[in-house]
Every structure is written in structure tokens, then in C-alpha cells.
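Q: give me a model of this one.
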Amino acid sequence: MARALYIHWPFCLKKCPYCDFNSHVRAGVDVDLWRGALLGDMAREAEVAGGETLTSIFFGGGTPSLMPPALVAALLAEAERLWGFAPDIEITLEANPSSVEAGAFADLASAGVNRVSLGVQALDDAALRFLGRLHSAKEAVTALAVAQRHFARVSIDLIYARPGQSAAAWEGELGRALGFGTSHMSLYQLTIEPGTHFATYVREGRFAPLAEDPAADLFVLTRQIAAARGLPAYEVSNHAGPGEESRHNLAAWRYHDYCGIGPGAHGRRGGMATVRHKKPENWLAAVERNGDGIAETRSLPLPDRAAEAMLMGLRLAEGVDVAALAVRLGASPAMLVDPAKLAFYAGQGLAWQRGTRVGVTEAGMIVLDGMIAELFPSAAHVA
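A: Sure thing, here's the model as predicted:
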């Protein structure tokens, strides 16, 4: 078996108003303190989840490109010592496209990073200001060119379905982004998450989100345009050329085990779920006190594992091999899929079945959340 490792760096220069990730702004960071704590958290995790070669490592955040390259190198060296690396290991780091961070790309590549996910988010300065980003469109394009020189694989993130955004405007912006020739793109609809600044702004009437129907139209348009340009959707919001899919994300969506270290990081191993303390200071204190940053370790009952596996697997264009998953989980196929409902939705052109594999069609992806509870019995209580 192989395993994935997620490393969370929680710090940002500024909290974006749409962001509900575990990110924090601090006046300063004691790098030596964080180096020791991350290495300690990693070593403790390897004690209980070792023995399996790593096929992917993902530095997420926060803004991992703010990490000193020497710290990244130290973490990678320790991960290789503890687990070992597959020959073609994918090592991804999320980065913001500022000139300062782009200046570290060469050193990050030398440290071992071979794939970068660049948070461009928009190619329009007014949109970037609305999204609370610190970079300009020009900076983003320049940073992308630097990334493409230093990393074997580059992905870019864009946010669409912004307030008042027209289909023509998005088609032009997406077309320009596709012209940069990256092998992977993450194209997200703007969603108003509870607890974010945007949620407060909407409640106060400062702006209105794009209506549901125009947003759905942009979703369809996005998938059509990207597919026509050689980047079909392999997941709801992720597009890639052949073989360029994010191996780390595929591991999670295919419901394989992965380790997570750092503040707020989640992990799943051997039927157990782990959650680290979210607040950086609480996580540091837990590592010093206990040797790891774990806030909670809990057993995942079979219905929960079946539900999670189906909820994530059905986001993928490849769907889910129900027979293989049932064997892997020790479940019955009946726990995973309702044959009558599957036949009904297949007849409506929203789902499909090919042998033991089931999935959702292009039309079904638009209403995936609404279909889940009916199609898959195990998912009903968590959908």
C-alpha cells in the first residue's frame, strides 16, 4: 500500500474575505519553533502510520509559499527518512502569485517541490480587489511564467460566478487562462461560506451573489470550454490533461488513507479519523505537551466510511467501482447504492452504470448534492 501526506502551514499575509480554510495572520513566525514542532508532529504520525511508501505530499494552507525553502527541504528530508518516497512522488505546494513568493520558486524546486498550485483566482484587477487578493493580474501572469520555468507541473486556481459576472466575460477570462498552457486548472464557483467576511457582507446587503441559474450556466460553460481545450473535468471543479490529475487529491477522493500534520490538518488511517488543533498556538502547545498536535482521534463506523467514500468518489468523472469499494470497506453493495434509484436517475440521464462502476453524468453533476441522499443510502445521514 502507498500513502499520502498533507502538511498544513496556517499563516497568510491577509485573510481573504471568501476563505473558510484554517488560515491565520500573525505579526511574526518563529521558524525554528515551527520547524521543530512540525518535525515532531510528523515523527509521531509515522510511528502509528508508517511502513507505507509516500506517493504524494501536499503543502496546503494558509500560504505555504511563505515557508522558508530550507524548512520545506527539512520536512521533505524527514518525510523521506520516515516513510520513503515512491520513484515518481508528487510533491505539491500551494503558492500565491506575488513577486516576493515567486522569487522563492527556484529554491522551493531545489528543495524537492515538483508541482505548484498557484492561487491566481482572477485575471482582472477589479475582481482581485473584490476577492481581497494582494496581487495584481500582471503579477499573477509573471509569477505563472516563473513557476512554469521551475516546476515540472503547474496548476492554477480561478474563481468564477462572481457577482454580476457575464458568460461572455468569464469565457474571455477562462480562454486567456487556458492559453497559458498549464496542465491542470482548479475552477471554483464563488460560494458564500458561513463565518467568512463575505457572509457578513451579503447579510449586510453590500453585494448579492450571482443567482443560481446564471451560476449553473457558467458551470456548464466552464466544463465545455475547458474540455474543448484539452482539460476535461475529472472532478467537479478540477480539470487536467491526460495523466496530469492531482494524485494527492485523487487519493482522498478515492478514499485511500492519508496522514495530516500541522494546525487543523485532517487525516484518515486504518478506519480512524484524526484532527489536529486548529489554532496555531493551541497546536504548538499540544505538540510540546503530547508530542503531536492531535485534538481528536475517533473510530469511523462502517456506515460513515461508506458514506464518505461515496460522497467523495461520486465527485469524480470516473465514478466508483461499487464492488471493489464494498470489498475494501467490508461492506455490502446494498449499503453503497440503491439499485432502484440508480436505475431511475440513469433513465433521467443524470447517472450511469457500467458493470460494477457507477457515476454521475455531466447533467447530473449540476444537481449532485441533491441526488446523493436518494441514490446512496449510506450517504443520507451525512449529506
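
Q: pull up the distance across stretch 130-137, start to finish.
A: 13 Å (C-alpha to C-alpha, to the nearest Å).

Q: quick one: contacts of it?
A: 13-18, 96-98, 119, 121-125, 128, 143, 159, 162-163, 197 (C-beta atoms under 8 Å, 6 or more residues apart in numbering). C-betas here are computed from N, CA, C, even on glycine.

Q: please repeat the previous calculation with a cut-off of 7 Å.
A: 13-14, 16-18, 96-98, 121-125, 128, 159, 162 (C-beta atoms under 7 Å, 6 or more residues apart in numbering).

Q: among the residues you listed, who's most crowded?
A: Counting neighbours by other C-beta atoms under 10 Å, the top entry in the contacts of stretch 130-137 is P97, with 28 neighbours.

Q: pLDDT weak spots in the protein?
A: 1-2, 377-383 (pLDDT under 70).

Q: list the strands paired with the longest strand anywhere in the chain, with their directions.
A: Criterion DSSP state E: the longest strand present in the chain is strand 85-95. Taking DSSP bridges as the criterion, strand 85-95 sits next to strand 53-61 (parallel), strand 115-121 (parallel) in its sheet.

Q: report the distance from the shortest one to the chain centre.
A: To tie it back to what came earlier, the one meant is strand 115-121. In terms of C-alpha atoms, centre = their mean, to the nearest Å, the centre of strand 115-121 is found 11 Å from the chain centre.

Q: next, the buried residues of that strand.
A: For strand 115-121, burial by neighbour count (16 or more other C-beta atoms under 10 Å) applies to 115-121.

Q: and what of the longest one?
A: By neighbour count, with 16+ other C-beta under 10 Å as the criterion, the buried positions of strand 53-61 are 54-61.

Q: P69: which of these is nearest?
A: F59 (11.4 Å; C-beta to C-beta).

Q: quick one: M335 from F198, how far?
A: Between M335 and F198 the computed distance is 38 Å (C-beta to C-beta, to the nearest Å).

Q: look at the two and report which has more neighbours.
A: More neighbours surround F198 than the other of M335 and F198, with 23 against 19 (other C-beta under 10 Å).

Q: keeping just the C-alphas, turn stretch 17-28 into PDB.
A: Provided in PDB are the C-alpha atoms of stretch 17-28 (Å, rounded to 0.1, in the frame of the first residue of the first chain):
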ATOM      1  CA  PRO A  17     -13.000  37.500   2.600                       C
ATOM      2  CA  TYR A  18     -14.200  34.300   0.900                       C
ATOM      3  CA  CYS A  19     -11.900  31.900   2.700                       C
ATOM      4  CA  ASP A  20     -13.100  29.500   5.300                       C
ATOM      5  CA  PHE A  21      -9.800  27.500   5.500                       C
ATOM      6  CA  ASN A  22      -7.700  27.300   8.600                       C
ATOM      7  CA  SER A  23      -5.600  30.400   8.000                       C
ATOM      8  CA  HIS A  24      -4.300  33.000  10.400                       C
ATOM      9  CA  VAL A  25      -2.400  36.300  10.200                       C
ATOM     10  CA  ARG A  26       0.400  36.800  12.700                       C
ATOM     11  CA  ALA A  27       2.900  39.600  13.100                       C
ATOM     12  CA  GLY A  28       5.800  37.200  13.100                       C
END
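
Q: give me the contacts around that stretch.
A: Contacts of stretch 17-28 (C-beta under 7 Å, 6+ apart): 8, 10-15, 61-62, 131-132, 190, 193, 195-198, 201, 263-264, 278, 280.

Q: what subset of those is buried?
A: Among the contacts of stretch 17-28, the ones that count as buried by 16+ other C-beta under 10 Å are 8, 10-12, 61-62, 131, 190, 196, 198, 263-264, 278, 280.

Q: out of those residues, list just those in strands.
A: Filtering the buried ones among the contacts of stretch 17-28 for strands - DSSP E - leaves 8, 61.

Q: identify, from the buried ones among the contacts of stretch 17-28, the entry nearest to E80.
A: H8 (19.1 Å).

Q: which stretches of the chain form strands?
A: 2-9, 53-61, 85-95, 115-121, 153-160, 184-189, 238-240, 258-261, 266-269, 272-276, 294-299, 320-321, 351-354, 357-360.

Q: domain assignment for this protein?
A: Split into domains by automatic domain parsing, the chain comes to 2-252, 310-379.

Q: just so I know, which of these lies nearest I294?
A: Set against I294 and scored by C-beta to C-beta, the domains of the chain come closest in domain 2-252, at 8.3 Å.

Q: report the distance from the closest one to the chain centre.
A: 7 Å.

Q: same question, stretch 303-318
A: Centroid separation for stretch 303-318 versus its chain: 15 Å, with C-alpha atoms, centre = their mean.

Q: alpha carbons only: can I get it in CSV?
A: Output of stretch 303-318 as CSV, limited to C-alpha atoms (Å, rounded to 0.1, in the frame of the first residue of the first chain):
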residue,chain,number,x,y,z
PRO,A,303,-21.8,3.5,7.6
ASP,A,304,-19.7,6.7,8.0
ARG,A,305,-16.8,5.3,5.9
ALA,A,306,-19.2,4.1,3.2
ALA,A,307,-21.0,7.4,3.2
GLU,A,308,-17.7,9.4,2.9
ALA,A,309,-16.3,7.1,0.2
MET,A,310,-19.4,7.6,-1.9
LEU,A,311,-19.8,11.3,-1.3
MET,A,312,-16.2,11.9,-2.5
GLY,A,313,-16.0,9.2,-5.2
LEU,A,314,-19.0,10.5,-7.0
ARG,A,315,-17.4,13.8,-7.5
LEU,A,316,-15.0,12.1,-9.9
ALA,A,317,-15.8,11.6,-13.6
GLU,A,318,-14.6,8.1,-13.3
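
Q: which parts of it are buried?
A: Judged by neighbour count (16+ other C-beta under 10 Å), stretch 303-318 contains these buried residues: 303-317.

Q: run through who's touching it.
A: 233-236, 252-255, 271, 319-320, 325, 329, 331, 335-336, 359-360, 368, 372, 376, 378-379, 381-383.
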